[in-house]
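> Provided below are the primary sequence and the corresponding predicted coordinates.
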Amino acid sequence: MQQKFRRALLASLSLAAVAAGTCANANEGLELIGYGVRQKALAGADLAAPDDAMAASSNPAGIIGLPREYQFGMGFLVADRGYEAYGPVSVVAPGYVESGRPLFPIPNGGSVHPIDADSAWAEISYTNGGVNTAYSMWNFRPNVFAPAVAGGGLISLSAGGPFGGGFTGVDLEQEFFSLVYARKFGPVSIGFAPIFAAQAFNAQGLKVFAPYSSNPFHISDNGYDYSFGGGFKIGALWEPIKGFRVALAGTTPMFMTPFSKYSGLIADGGRFDVPADASAGLAYDLTPDLTAMVSWKHIFYSAVPSMSNSSFPIYPGSLGAWNGTGFGWRDVDGESFGLEWRANKQWTLRAGYQHSSSLYGSQSVTTNILAPAVTNHHATAGFSYQITKNSSIDFSTVYAFKNSVSGPEADPYVQFLAFGFFPVTVPPQYRPGTTITNFAYGAEFSIGYNYKFDVGDNSFIPTHF
């Protein structure tokens, strides 16, 4: 038994290593609407209707009753995001400015290993994302000067890019690996999943804000930095009557080591923890072949200071400081609806819709040019095709409808300039007559492969397909 466990775990870890990769644009801030291909096709509504290994990413209790299986999926997101700025702007480059890097890979993988009729273990790996931008240096904002009453001195020289610091963007990559254990107690299944998390972060083109940093040498253009930590997820699945299921799940905060290379940019000295979340879901078999499902999810961004602290005003020394400037993100609620029709032995068809509340408001648009995660509505569809008795492929597509958030430009330039013998202050302010509109939309296409072993087949790798 121990040898079988070691071999299964080795295969699972190998699959996780292959699946590790970069993150992509998202809908609920940093979190995707689903991690497996089936989840995406159902808009993440499958909390109470698990059917494959990746179900454990939302509800660890969902692995009970599944056969021994391996699963791997890859998604490709084509995202358009950026901003439009009009009026007498001085902090950002005016006009229509679109981010580059529109294509992102989104891998996932996992396996399930039944122990007996009432217990099982699994491993899964998946990615999160949403904070990815890459703005060309060929967007120009004017140089910033003090008012004439203050002598008209140069405050900020523009070197291209949306903020005047050249090529500008941020890249946040998150990878999660989890071992899952679940057990059934009558009609109720309970699952527990410790999670190991790793993050990578890079920021460019932000040195123009060095005067407002608590550590000007650790604000921008320092290459990738890495952060590690973890937490755990718990879940429950209850079937009070046949065909009707209720699910609850929650994830603790994941406390991460700080990004020391960016301790002068990210609040609390570079600490960027992963927020907690709570979920609930229902599923009902309308017919033996048709299942309707609905789920709700709340993400506690307000509990992470570097995310939720106000993005404005910015004063000298406030970037990276303890309880310093953040992104102005607020808690997000998401509702998902899905339908799955098992048309015949070979074909299963799926569709879904997801809506989430806005991540930030009009007062935070200037800072969130770096992270325009503003999509609120997603339509999804997909299918599963049984190739053989053991093998199947899954496909899903997600369309994120264009959404935007608009607000005035936030001007952080706080300077004390000599005017005769009297100091003159240029206070932070929202510039009148300006409008910045952050926007995002896109589509995602995912394909996955699932292999289910025959009962009693204990081979390390499949012997037939």
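Looks like it came in fine. Treat the numbers as computed from the prediction; the structure is a model and nothing was measured.
> which residues touch the closest residue to P67 other than its chain neighbours?
Nearest non-adjacent residue to P67, counting by CB to CB, 6 or more residues apart in numbering: K452, 4.8 Å away. To be clear about C-beta, it is placed using only N, CA and C from the backbone, and glycine gets the same treatment. By CB atoms under 8 Å, 6 or more residues apart in numbering, the residues touching K452 are P67, R68, E69, N390, S391, S392.
> Assign the first one to helix, strand or coil.
Secondary structure state of P67, per DSSP: H, G, I helix; E, B strand; the rest coil, is coil.
> Tell me, how many residues neighbour it?
Neighbours of P67 under the rule other CB atoms under 10 Å: 14.
> what does the fifth one give?
The burial count assigned to S391 is 15, neighbours taken as other CB under 10 Å.
> State the pLDDT value of it.
pLDDT, S391: 96.
> Local confidence estimate at the nearest residue to it once chain neighbours are set aside?
Excluding the flanking residues, the one nearest S391 by CB to CB, 6+ apart is F465, at 5.0 Å. pLDDT, F465: 77.
> Next, the distance between the ends of stretch 333-349.
Taking CA to CA, to the nearest Å, stretch 333-349 runs 27 Å from one end to the other.
> Stretch 44-64 too?
This stretch, stretch 44-64, spans 19 Å end to end (CA to CA).
> So which bits of that stretch are buried?
For stretch 44-64, the neighbour count (16 or more other CB atoms under 10 Å) marks 44-64 as buried.
> what do you get for stretch 343-363?
T348, R350, A351, G352, Y353, Q354, S356, S358, L359, Y360, S362.
> Likewise for stretch 79-92?
By 16+ other CB under 10 Å, the buried positions in stretch 79-92 come out as A79, D80, R81, G82, Y83, E84, A85, V89, S90, V91, V92.
> picking that back up, gap between the residue nearest to P67 and P313?
Applying CB to CB, to the nearest Å, the value for K452 to P313 is 57 Å.
> same check, this time on E340
Applying CB to CB to E340 and P313 gives a distance of 49 Å.
> same deal with T435?
Separation of T435 from P313 (CB to CB) stands at 19 Å.
> ok, now E98?
Distance from E98 to P313, by CB to CB: 28 Å.
> again with Y284
Counting by CB to CB - Y284 and P313 are separated by 50 Å.
> same deal with T133?
Using CB to CB, T133 is found at 23 Å from P313.
> Between these two, which has more neighbouring residues?
Between T133 and P313, counting by other CB under 10 Å, T133 is the more crowded of the two (26 against 16).
> worst-scoring helix or strand of the chain, pLDDT-wise?
Here the helix or strand of the chain ranked lowest by mean pLDDT, DSSP states H and E is helix 2-19, holding a mean of 42.
> doesn't D268 fall inside a strand?
No: assigned with three-state DSSP, D268 falls outside any strand and is helix.
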